[in-house]
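1. model the structure of this input:
(one chain, ligands or ions: 1)
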Amino acid sequence: MPLYIYQSEAAFIVRTSRQFESIETCWQLLGTSSPSGVTVITYVVDCGPNAVHEPTFCQPDQDYLEREGSRLVQRYGLRHVGGAHSHHRLGLNVPSGYDVRTTMDGMRSEGLQRFVQMIVTYDDVNTRLNAFMFTPDGYERMDLQVLLGTSPVRKMEESL
Ligand SMILES: [Zn+2]
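-> Take a look at the predicted model:
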């Protein structure tokens, strides 16, 4: 199944992942999702100024996320379609066992049928964005399709 992401949002992930060299960082993915599961990522939110970053752990700034999340949802009608975090140079391009457990537990407690998880890895040259669609039955790799240009939501945000 394809996962669409605007070029500006993929670039935002690539750029901000590199600000935390060999340290984990994380993001929230906002966008739209059709009943059949076609998902478009329109805006990526970073983890905030008071997030905690460790080599294999990222604790987002919860106040920032709640404030930004509700503002963006109300202003643009977006949904929280997924999350992303960096495995930086760990060489693990798939969700860890811990990632799978926490994602499935989170979906169960929120009553979600679908949730995207993106795992970001990089080396000296390349950055990889690995996307997975989780459902109550498990997860599968998604084919990431980049929509050229700047997302309309980011354009609006930059003009504020
Ligand atoms: Zn992980």
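2. identify the residues contacting the residue in the chain positioned nearest to the ion.
-> Nearest residue of the chain to the ion (Cβ to the ion) works out as residue 99 at 4.1 Å. From N, CA and C alone the C-beta is placed, and that goes for glycine too. Residue 99 makes contacts with 85, 117, 119, as judged by Cβ atoms under 8 Å, 6 or more residues apart in numbering.
3. ok, now residue 106?
-> 112, 115.
4. what's the spacing between it and residue 100?
-> Using Cβ to Cβ, to the nearest Å, residue 106 is found at 11 Å from residue 100.
5. and the closest residue to residue 107 other than its chain neighbours, bridged to which residues?
-> Sequence neighbours aside, residue 115 is the residue nearest to residue 107 in space, at 5.3 Å (criterion: Cβ to Cβ, 6 or more residues apart in numbering). Beta-bridge pairing of residue 115 under DSSP bridges involves residue 134.
6. and residue 115, what does it touch?
-> Residues in contact with residue 115, defined by Cβ under 8 Å, 6+ apart, are 81, 82, 83, 103, 106, 107, 133, 134.
7. repeat the analysis, applying 6 Å as the threshold.
-> With contact set as Cβ atoms under 6 Å, 6 or more residues apart in numbering, residue 115 has these partners: 82, 107, 134.
8. how far away is it from residue 61?
-> Going from residue 115 to residue 61 by Cβ to Cβ gives 21 Å.
9. for residue 83, same thing?
-> Distance, residue 83 to residue 61, using Cβ to Cβ: 14 Å.
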